[in-house]
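Undergrad: Mind looking at a prediction? Sequence and model below.
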Amino acid sequence: MEITSVIKVNKIKAIGNNQGRNSEVFLAHDPQLGGNVALKEIPISKFNNPSEYFVEAQTLYANKHPRVVPIMYACQDTGFIRLTMPYFDNGSVQNVINKNPLMVKQVIILGQQFLDGLHFVHLSGYIHFDIKPTNILIGNDGSAMLADFGQTRPTDVLGTASIPPLYPVHIAPEILGSSRATKLTDIYQCGLTLYRLCNGEQVFRGQLNNYISPLGIFTPEYVKAILTGKFPNRSYFLPHVPNKLKSVIKKALAVDPAKRHQSVVELMNDLGQVATLLDWQYTMDNNGIKWVKNNIEHMYQIMILYNKSNKLWYVEGNVIRNSDGLSRNRKAWTSLSGFRTCKQAEAFVRNIFNKMEG
């Protein structure tokens, strides 16, 4: 017996960062449930035929896992397909890296959590095709969950899937000029996501903007940069990012899929072996650049500061005792003279972290 019921929600505000290709996401209040939900709307005009209406909802339902954002219900009216999922106040990892890069420890923890969800997706016979910071939500307990299965496709007996329309910033090299892909495309997108988490959005967008024309479209050089491995810049990481983490990310970003991690588990295992420089927080403001590490007794900080009077950049390192605020200069972390460019000062700081890493 078929039953048709009415579901009411009240939209509060848009929350999707306008990154959905064919959809919008809203914070909404569901009076039936008595709480807020995330409401995703897809215009029916975006589908080729009715059989596609609820594919995303069915895929989410088929991939129920603690590290995958669950679907609550799906419905339709004359103009839209609507999906509802839990709303998390913490938003996505994108919200965090828009302000500052994650500490290495956070990259490892959140990375392994969303990778755990992706591993289950792969075991279930799907390729996600849309791994990026906006699709990694931070639950109420602070853990990461994989979201947005709008581009997810099932694999065939050979482990390949048809390529859907993709987010152009996260296109893997093998996608260009091809009609099918494997789970190794997800591995590449994971590598690019980890790159963004540890370097922050300012570094990533600074590189990306080099390939965007004044009209706001990608230049021909962008495709070439992806195919040759020049984007993102694998040779640049913030000074505190340990060499082991750099190697993990570079492997995931290999242009040749055969040289990448061959499974999510392999990537998770490599990520779990990163054990140095875990607790340094990078921040940048109008006063300069700062790295801070805290423990019970002391706060350690390394700063790059600009002297307006002589137009030189200086590096200064200090150890501050938490009990009374007593500050002591760390000579090994302090430059004896100024640098003409911030890049030169950053190289000095990179050498400090290299020595810490051993």
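TA: Received the coordinates, thanks. Numbers count the residues shown, from 1 in each chain.

Undergrad: can we go C-alpha only for contacts and neighbour counts from here?
TA: Fine.

Undergrad: My read is that Met145 contacts Lys132, right?
TA: No: the criterion here is Cα atoms under 8 Å, and Met145 misses it with Lys132 at 11.8 Å.

Undergrad: For the stretch 251-358 of the chain, which segments count as strands?
TA: 281-285, 288-294, 298-307, 312-321, 327-329 (DSSP state E, counting those that start in this stretch).

Undergrad: Would you reformat those as a markdown table and include mean neighbour count and distance to Cys198?
TA: Listed next are the strands of the stretch 251-358 of the chain as a markdown table, based on neighbours: other Cα atoms under 10 Å; distance: least, Cα to Cα, whole Å:
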| stretch | mean neighbour count | distance to Cys198 |
| --- | --- | --- |
| strand 281-285 | 16 | 10 |
| strand 288-294 | 17 | 13 |
| strand 298-307 | 19 | 18 |
| strand 312-321 | 20 | 22 |
| strand 327-329 | 13 | 27 |
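
Undergrad: Let me see the ranges of the helices in the stretch 1-150 of the chain.
TA: Assigned by DSSP state H, counting those that start in this stretch, the stretch 1-150 of the chain shows helices spanning 55-62, 93-97, 104-123.

Undergrad: Same list (these) but as TSV, adding mean neighbour count, mean pLDDT and distance to Ser337.
TA: Output for the helices of the stretch 1-150 of the chain, formatted as TSV (neighbours: other Cα atoms under 10 Å; pLDDT from 0 to 100; distance: least, Cα to Cα, whole Å):
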stretch	mean neighbour count	mean pLDDT	distance to Ser337
helix 55-62	17	88	57
helix 93-97	19	95	32
helix 104-123	21	97	30
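
Undergrad: what about stretch 74-91, distance to the chain center?
TA: Relative to its chain's centre, stretch 74-91 lies at 22 Å (Cα atoms, centre = their mean, to the nearest Å).

Undergrad: give me every residue that touches Gly139.
TA: Phe88, Asp89, Asn90, Gly91, Met145 (Cα atoms under 8 Å, 6 or more residues apart in numbering).

Undergrad: Distance of it relative to His29?
TA: According to Cα to Cα, to the nearest Å, Gly139 stands 18 Å off from His29.

Undergrad: And Tyr282, by the same measure?
TA: Tyr282 is 37 Å from His29, by Cα to Cα.

Undergrad: Equivalent analysis for Ile108, please.
TA: Following Cα to Cα, the distance that separates Ile108 from His29 is 34 Å.

Undergrad: Same question for Arg321.
TA: From Arg321 to His29 the distance is 47 Å (Cα to Cα).

Undergrad: Ok, Asn210 next?
TA: 41 Å.

Undergrad: Those two: who's more crowded?
TA: His29 (19 against 12; other Cα atoms under 10 Å).

Undergrad: Am I right that that one is in contact with Lys13?
TA: No: counting by Cα under 8 Å, His29 does not reach Lys13; the two are 10.2 Å apart.

Undergrad: pLDDT below threshold where in this protein?
TA: 16-21 (pLDDT under 70).

Undergrad: can you pull the contacts of the residue lying closest to Asn351 once chain neighbours are set aside?
TA: Counting by Cα to Cα, 6 or more residues apart in numbering, the nearest residue to Asn351 once its immediate chain neighbours are dropped is Pro239, at 7.9 Å. The contact partners of Pro239, by Cα under 8 Å, 6+ apart, come to Glu346, Ala347, Val349, Arg350, Asn351, Phe353.

Undergrad: Most neighbours out of those, which is it?
TA: Neighbour max across the contacts of Pro239 (other Cα under 10 Å) = Val349, 25 neighbours.

Undergrad: List the contacts of it.
TA: Pro239, Ile302, Val315, Trp333.

Undergrad: For Arg196, state which of those is nearest.
TA: Pro239 (14.4 Å; Cα to Cα).

Undergrad: Name the SS class of the closest one, please.
TA: What DSSP: H, G, I helix; E, B strand; the rest coil gives for Pro239 is coil.
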